[in-house]
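J.: Provide a 3D model corresponding to the input given below.
(one chain, ligands or ions: 1)
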Amino acid sequence: MQCPFCGTTLADDAATCNNCDWTRRGELETAEGKASDAIAVLLSVVPGLGHIYKGHKLVGMMLMFVGTPMAVGLALLIATGTAGFGILVLPVFWMAVMVHVYASQDRVLPATNDGGEEY
Ligand SMILES: [Zn+2]
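T.: The predicted structure is shown next:
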């Protein structure tokens with residue numbers, strides 16, 4: 001990247017300019033948002049935890065206490081009729097939670113809008 005003030009070539013993740021007093025104030029939040037995506041996905045090992053981490057507390061709670069028991073119950077239900085193959089629903093659900101939390105806006109950031117369906 002280049003410094004927006006003086007045009008000095010800087011490292012892509014540079015927070016300050018070596019040549020002038022520019023600091024990456026606005027973009028720092030975006031960088032943290034991207035970092036938290038990875039953490040949120042990791043936290044989604046427990047479905048819902050990643051959503052809570054991102055500030056979507058209600059969605060996270062729903063996933064953890066409603067969505068996951070329902071997914072497990074559904075998987076077991078299907079599994080009884082499909083000689084156990086229904087249990088494969090669980091990894092799909094799990095992946096969906098991880099993809100969703102990755103795509104979700106970090107609610108901690110101001111002035112972002114992911115459609116409002118989760119607010
Ligand atoms: Zn500069």
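J.: only C-alpha atoms for contact and neighbour calcs from this point on.
T.: Noted.
J.: Met62 contacts Gly48, doesn't it?
T.: Yes: under the criterion of C-alpha atoms under 8 Å, Met62 makes contact with Gly48 at 7.4 Å.
J.: settle it for me: which of these two has more neighbours?
T.: For Met62 versus Gly48, neighbours defined as other C-alpha atoms under 10 Å are more numerous around Gly48 (30 against 15).
J.: quick one, phi psi at the nearest residue to the more buried one once chain neighbours are set aside?
T.: Spatially, and ignoring its direct neighbours in sequence, Gly48 is nearest to Gly60 (3.8 Å; C-alpha to C-alpha, 6 or more residues apart in numbering). With angles defined as degrees, to the nearest 10, Gly60 sits at phi -60, psi -50.
J.: show me what contacts Gly60?
T.: Counting by C-alpha atoms under 8 Å, 6 or more residues apart in numbering, Gly60 touches 47-52.
J.: against which helices or strands is the helix or strand containing Val89 packed?
T.: According to DSSP states H and E, Val89 maps onto helix 89-103. When contacts are defined as 3 or more C-alpha pairs under 8 Å, 6 or more residues apart in numbering; DSSP states H and E, helix 89-103 packs onto helix 25-43, helix 49-53, helix 68-81.
J.: just put those helices in JSON lines and tack on distance to the ion.
T.: Converted to JSON lines, the helices and strands packed on helix 89-103 look like this (distance: least, C-alpha to the ion, whole Å):
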{"stretch": "helix 25-43", "distance to the ion": "13"}
{"stretch": "helix 49-53", "distance to the ion": "35"}
{"stretch": "helix 68-81", "distance to the ion": "50"}
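J.: most neighbours per residue, which of the ones you listed?
T.: helix 49-53 (a mean of 25; mean count of other C-alpha atoms under 10 Å).
J.: that helix: how far from the chain's middle?
T.: Taking C-alpha atoms, centre = their mean, to the nearest Å, one finds helix 49-53 lying 8 Å from the centre of the chain it belongs to.
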